[in-house]
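Asks: Mind folding the following:
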Amino acid sequence: MEYCGGGSVEGCYKALKGPLNEDEISSIIKESLSGLNFLHSCRKLHRDIKCGNILLTESGDVKLADFGVSTQITKTLSKRHTFIGTPYWMAPEVITSEQCGTEYDYKADIWSLGITAIEMTQCAPPMFDMHPMRVLFMIPNLDSPKITQGTWTPEFHDFVSKCLQKDPDKRPTAEQLLNHPFVKKANNVQNTIINLIQRSREARRMNGENDYDDEDEAESENENENHPTENIIVNSAESNPTSPSDKIIEPMADDTTKKIKFDTTRVCRVNIPITCADFYEDLLLFGTENGLYSYPLNEPGGKLRLLSTRKYLQLNVIEEIGTIVSRSGNLPNLINGWTGKYDVVSIHNLRSISNLKKPKKFETETKIKKLKETKGCYYYSITKIGNSVYLSVAKSNSILIMKYAPQPFNKFMKLKEINIDTHVTHMEVVEFDSRELQLCITSPTGFQIINLTSVTCENILFDNPDITGPSLRSVLFNDKIFYGYKNMAIVCPIEEVNKKIDSIKWKEPITYIEKLGKSHIVTGSSCEALVYDSVGNIVHIFETKQNTDKKLSLLVSKNDQLYLSFTAQSKDEKGALTTISTVLRVKLQAFNG
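Replies: All right, here's what the predicted structure looks like:
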């Protein structure tokens with residue numbers, strides 16, 4: 001096997017952090033066409049042409065690599081109808097081959113080469129910011145992509161347009177394209193490739209290896225490392241269950257063999273207002289307006305650690321994909337106030353959090369990746385359906401829907417962006433058996449269902465608003481969706497999201513509703529938190545003592561655990577008001593009765 005010491009073309013533009021010049025592109029295209037022409041003359045298809053599969057040798061040769069999905073066209077099978085390749089570079093006829101029973105031939109490689117040419121001008125193929133499953137839908141339905149970045153010669157534009165003819169019968173062959181003016185102008189190819197390899201190596205030496213954005217690192221480095229923590233009071237508590245924890249609940253309607261116990265433990269007391277929270281293994285994370293803190297749940301006498309001085313407004317730990325999602329921003333402006341203009345959703349590497357070497361470098365050590373397209377957002381939500389994880393982000397005039405793409409991407413990628421002028425308070429992606437995606441949004445005016453394919457919107461209307469009260473949020477329960485209102489919940493099947501099949505009336509008006517485990521809902525207000533089973537029976541109540549000014553709030557509900565906060569104000573020795581919050585951890589445990 002020949003060693004290609006120059007690496008791939010993709011590696012070159014990543015090292016250069018910019019596009020290749022036109023002479024380099026022309027040389028690479030010319031050599032690639034020569035290779036394809038030979039392949040096609042042998043009645044073989046490559047089916048995965050892209051910059052990552054074009055390798056360079058030290059002597060300036062260009063090699064086509066990765067024939068793992070290549071195939072042969074025989075005399076008896078002159079066309080293929082197998083759906084194989086990488087979505088962004090895939091020809092329309094390849095995408096439709098399995099859906100419509102159509103066929104394709106070696107012209108599919110020519111389309112991929114045209115996309116590869118664009119890739120070399122913008123360091124990514126067209127629509128690379130979108131989820132690959134969304135791209136599979138868009139390529140056959142949109143016009144052919146064009147070069148949109150940089151200044152290039154008319155010959156180059158013409159070459160790309162010929163490669164990207166939607167009709168494969170009008171698309172030229174590799175042999176014909178070798179006579180195109182853009183290709184014929186490539187002279188002294190080997191020297192051009194050798195110079196490209198040298199340029200990319202020099203760029204690597206200058207830049208060094210970096211797994212995260214320089215901009216993000218710089219912002220993290222500029223944070224105030226001497227942020228004071230002395231004014232934070234933390235009192236760890238012994239793991240003695242509080243009074244409600246020994247209550248045994250009778251079997252739920254959907255479980256005749258199990259009893260449920262709520263094991264409640266006081267975790268700590270803090271004197272800093274909490275804006276968001278989540279947990280990972282034995283680590284509790286607090287988001288505040290002054291920064292992000294962690295508290296060890298397994299250490300007696302544990303202390304809060306400051307992880308970041310950014311303002312954290314939302315926080316979600318998604319263990320299934322090894323990721324922390326957060327919404328944060330700069331510290332509030334004391335003169336102009338906080339507007340949220342610079343709020344952004346960020347992604348962190350979860351696996352780094354258990355062994356932080358420099359806690360105040362949380363963003364750097366967890367390799368923060370800011371999703372720049374979310375800048376200016378005011379809310380996001382996470383929806384997990386089976387193995388799929390969706391991220392919905394609300395901005396001032398639009399909603400961005402993203403889906404996590406596993407290896408080799410390992411990141412959230414855009415599915416759709418919808419223009420909307422409604423202020424959203426919650427979002428939930430609904431996935432039907434037909435694989436049709438819809439988005440259920442909650443706003444002060446009620447619930448709406450948006451079809452993400454047709455972008456049609458349907459208002460969900462049930463009883464008189466005077467009866468239901470204001471809308472709070474929707475909750476997915478297996479094959480049902482719960483529309484949570486202040487006074488009650490309306491239950492509908494997933495397949496018919498506006499068909500009422502049941503309702504649950506709350507004991508008292510509520511201000512929040514969250515899912516707890518697989519078959520419970522936790523609701524409540526500032527006075528109490530109630531746990532309901534899936535058929536509307538109250539199975540547990542957490543409440544503040546009467547005639548006290550304590551306020552109860554739900555910090556996080558995930559899996560079979562929830563964290564509650566009892567908050568009260570008191571005066572310190574100097575007479576200043578301070579806020580003290582007592583944090584409780586509640587574990588839902590099932591056992592044989």
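Asks: So which bits of stretch 484-498 are buried?
Replies: Neighbour-count burial for stretch 484-498 flags 484-492, 494, 497 (criterion: 16 or more other C-beta atoms under 10 Å). (Glycine included, C-beta is placed from N, CA and C.)
Asks: To clarify, my last question referred to stretch 495-515.
Replies: Within stretch 495-515, judged by 16+ other C-beta under 10 Å, the buried ones are 497, 503-504, 506, 510, 512-515.
Asks: Give me the average confidence score over it.
Replies: What stretch 495-515 shows for mean pLDDT is 90.
Asks: go on, stretch 7-25?
Replies: 94.
Asks: Buried ones in that stretch, by neighbour count?
Replies: Neighbour counts over stretch 7-25 (16+ other C-beta under 10 Å) mark 7-16, 19-25 as buried.
Asks: can you check stretch 307-323 too?
Replies: 307-318, 321, 323.
Asks: now the helices for the stretch 101-250 of the chain?
Replies: 107-122, 132-138, 154-163, 174-177, 181-184, 189-207, 214-221 (DSSP state H, counting those that start in this stretch).
Asks: Quick one, which of those helices gets closest to Glu417.
Replies: helix 132-138 (10.7 Å; C-beta to C-beta).
Asks: just to revisit the earlier point, between the buried residues of stretch 307-323, which is closest to Leu39?
Replies: Distances from Leu39 to the buried residues of stretch 307-323, taken by C-beta to C-beta, are shortest for Ile321, at 37.7 Å.
Asks: Wait, the closest one touches Asn387, no?
Replies: No - counting by C-beta atoms under 8 Å, Ile321 does not reach Asn387; the two are 9.6 Å apart.
Asks: Please convert the buried residues of stretch 307-323 to JSON lines, extending it with secondary structure, distance to Ile347 and pLDDT.
Replies: Formatted as JSON lines, the buried residues of stretch 307-323 follow (DSSP: H, G, I helix; E, B strand; the rest coil; distance: C-beta to C-beta, whole Å; pLDDT from 0 to 100):
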{"residue": "Leu307", "secondary structure": "strand", "distance to Ile347": "16", "pLDDT": "88"}
{"residue": "Ser308", "secondary structure": "strand", "distance to Ile347": "14", "pLDDT": "87"}
{"residue": "Thr309", "secondary structure": "coil", "distance to Ile347": "19", "pLDDT": "86"}
{"residue": "Arg310", "secondary structure": "coil", "distance to Ile347": "14", "pLDDT": "86"}
{"residue": "Lys311", "secondary structure": "strand", "distance to Ile347": "18", "pLDDT": "89"}
{"residue": "Tyr312", "secondary structure": "strand", "distance to Ile347": "14", "pLDDT": "92"}
{"residue": "Leu313", "secondary structure": "strand", "distance to Ile347": "16", "pLDDT": "94"}
{"residue": "Gln314", "secondary structure": "strand", "distance to Ile347": "13", "pLDDT": "95"}
{"residue": "Leu315", "secondary structure": "strand", "distance to Ile347": "12", "pLDDT": "95"}
{"residue": "Asn316", "secondary structure": "strand", "distance to Ile347": "10", "pLDDT": "96"}
{"residue": "Val317", "secondary structure": "strand", "distance to Ile347": "12", "pLDDT": "95"}
{"residue": "Ile318", "secondary structure": "strand", "distance to Ile347": "10", "pLDDT": "94"}
{"residue": "Ile321", "secondary structure": "helix", "distance to Ile347": "10", "pLDDT": "91"}
{"residue": "Thr323", "secondary structure": "strand", "distance to Ile347": "6", "pLDDT": "93"}
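Asks: between those, which is nearest Ser34?
Replies: Ile321 (42.0 Å).
Asks: In the stretch 451-593 of the chain, where is pLDDT below threshold?
Replies: 546-548, 572, 591-593 (pLDDT under 70).
Asks: all helices of it, in order?
Replies: Taking DSSP H, counting those that start in this stretch as the criterion, the stretch 451-593 of the chain carries its helices at 465-468.
Asks: And the helices in the stretch 251-400 of the chain, which stretches?
Replies: With DSSP H, counting those that start in this stretch as the criterion, the stretch 251-400 of the chain has helices at 362-365.
Asks: which residue ranges form the strands in it?
Replies: Counting by DSSP state E, counting those that start in this stretch, the stretch 251-400 of the chain has strands at residues 258-270, 276-280, 283-288, 291-296, 305-308, 311-318, 323-329, 344-349, 369-370, 379-385, 388-394, 398-405.
Asks: Identify whichever of the ones you listed lies nearest to His423.
Replies: strand 388-394 (8.1 Å).
Asks: Show me what the closest one is packed up against.
Replies: strand 379-385, strand 398-405, strand 426-431 (3 or more C-beta pairs under 8 Å, 6 or more residues apart in numbering; DSSP states H and E).
Asks: Follow the chain on from the longest one and name the next helix or strand.
Replies: Helices and strands here follow DSSP states H and E; after strand 398-405, the next one along the chain is strand 411-419.
Asks: any idea of the angle that next one forms with strand 426-431?
Replies: Comparing the axes of strand 411-419 and strand 426-431 via axes from the mean of the first three to the mean of the last three C-alpha atoms, to 10 degrees yields an angle of 110 degrees.
Asks: Run through who's touching strand 411-419.
Replies: 129-134, 347, 369, 371, 373, 390-391, 397-405, 437, 439, 450, 452, 455 (C-beta atoms under 8 Å, 6 or more residues apart in numbering).
Asks: returning to that earlier point: export the buried residues of stretch 495-515 to CSV and tack on distance to Gln165?
Replies: Listed next are these as CSV, based on distance: C-beta to C-beta, whole Å:
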residue, distance to Gln165
Val497, 42
Ser503, 57
Ile504, 58
Trp506, 61
Ile510, 59
Tyr512, 55
Ile513, 53
Glu514, 52
Lys515, 50
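Asks: circling back: just the buried subset of the contacts of strand 411-419, please.
Replies: 130-132, 134, 347, 369, 371, 373, 390-391, 399-405, 437, 439, 450, 452.
Asks: Quick one: low-confidence residue ranges for the stretch 1-150 of the chain.
Replies: Scanning the stretch 1-150 of the chain for pLDDT under 70 picks out 1, 67-85, 98-102.
Asks: if we go to 50?
Replies: Of all residues in the stretch 1-150 of the chain, those with pLDDT under 50 make up the ranges 69-84.
Asks: what about the strands in it?
Replies: Under DSSP E, counting those that start in this stretch, the stretch 1-150 of the chain gives strands at 7-8, 44-45, 54-56, 62-64, 71-72.
Asks: can you check the stretch 401-550 of the chain too?
Replies: Going by DSSP E, counting those that start in this stretch, the stretch 401-550 of the chain shows strands at 411-419, 426-431, 437-443, 446-451, 457-460, 471-477, 480-485, 488-493, 502-505, 512-516, 520-524, 528-533, 538-543.
Asks: Nothing else from me, thank you.
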